[in-house]
Structure formats: structure tokens, C-alpha cells
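Undergrad: requesting a structural model of the entry that follows:
(one chain, ligands or ions: 1)
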Amino acid sequence: MPRTLRALLLTAGVSLPLAAATIWAAGALAALVPPADDPGGDAPREVRVRVHAWGFSPGVVRVRPGQSIRFAVVSDDVTHGFAINELGLNLPLRPGREVRSPSIAMELPEGTYTIHCSTFCGLGHASMKARLVVGAPGPAPAARAPWIASLLALAAVVGLVLVAGRGGRRR
Ligand SMILES: [Cu+2]
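TA: Just a heads-up that it's a prediction; the model follows:
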């Protein structure tokens, strides 16, 4: 094997796993960063939700398992209710007045739960829903990419070592 080609292959063999490791580390670190409104530690995280006919904003509330949270909910228009059956939570809402839930320790199993309106509010009431997502149910496809990259890089290195070894012996 020509020396330049060998040097090139060795460089690639070293830099590929490094690049894969960097991508993986960046992904792992990003997963550790809490949401912006997460105080961390033991302080309950306040989750602010605005309610209107016929929806919730945000439409998806994400919480960590075991995290303590407190909902602060306000209706922008008419009378609604903010209810999560699995938490035994039902907050009646008057227009424009913020209602705060007690601090809730999120002890539900990881998964997706329905937030719904518990006070009849007209035509769209039955479909007035949002989602509470506890933890990370089901890995997102993107989360697997760094692992696949790492494995590919490892396979490349093993292959290069074998090729380089064979080339060396031939001389
Ligand atoms: Cu309603």
C-alpha cells in the first residue's frame, strides 16, 4: 500500500471516531440541559398554560419523571376547566384570573397523558385537549443517530487496521 494512502487512511481512522464521539457527547449534553423555565433542584417548576376556546397553549407540556411542578393556568376568554385525570387535578377557570395548582410531584409512569377542559364551553369543548408528556416515552429517531455513527466509525477503524496490517505484512 502506498505510504500516502496509508497515512490518509490512518488519519481518517483516528478522526472519524473522534468526530462521532463529539457528536454523541453534544447530543448527550443537550439532553441534560433542562427546559428554560426549569429552576432545577427541589423548587417546583412553574408551568404556565393559557386556555382559550378551544385549546391550550402550549399544546404539549413536558416534565421530567419525579419533577415537582406547579401549574399556573389562566383563561383568556370564557369559563373553562384545566383537568388531568391521572393526577386527580381539576382547576376551574374564570376568565382572566390565574389559578395555581398545588405543587405536584410527577410520579406518573413515563408516558403521554391527556389534559382536557372540564367545564362545558361550547362547540369545541369535547375536542379541547392538550398533552402532558412525562419523561421521554419512545426514543426519537434522531437520538439514535450518534450511536449509529459511533458504530460505523468503529467498524471503519477495525477495517482499516485489518487492511493496514495486511499491507504491512506483504512488504
Ligand atoms: Cu370546555
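
Undergrad: contacts only, for the one residue sitting closest to the centre of the chain.
TA: Compute the mean C-alpha point of the chain, and by Cα atoms, centre = their mean the closest residue is residue 136, 5.7 Å away. Contacts for residue 136 (Cβ atoms under 8 Å, 6 or more residues apart in numbering) come out as residue 110. No exception for glycine: its C-beta is placed from N, CA and C like everyone else's.

Undergrad: what helix or strand is it located in?
TA: Residue 136 belongs to no helix or strand when assigned by DSSP states H and E.

Undergrad: and the pLDDT at it?
TA: You'll see residue 136 listed with a pLDDT of 90.

Undergrad: distance of it from the ion?
TA: Look at residue 136 and the ion: by Cβ to the ion, to the nearest Å, they are 30 Å apart.

Undergrad: just residue 78 next, same as before
TA: Between residue 78 and the ion the computed distance is 8 Å (Cβ to the ion).

Undergrad: residues in contact with that residue?
TA: Going by Cβ under 8 Å, 6+ apart, residue 78 touches 53, 95, 121-122.

Undergrad: and it, how far from residue 149?
TA: Applying Cβ to Cβ, to the nearest Å, the value for residue 78 to residue 149 is 51 Å.

Undergrad: would you map the strands across the chain?
TA: 45-52, 55-57, 60-63, 68-75, 80-84, 89-93, 99-100, 104-105, 111-116, 129-134 (DSSP state E).
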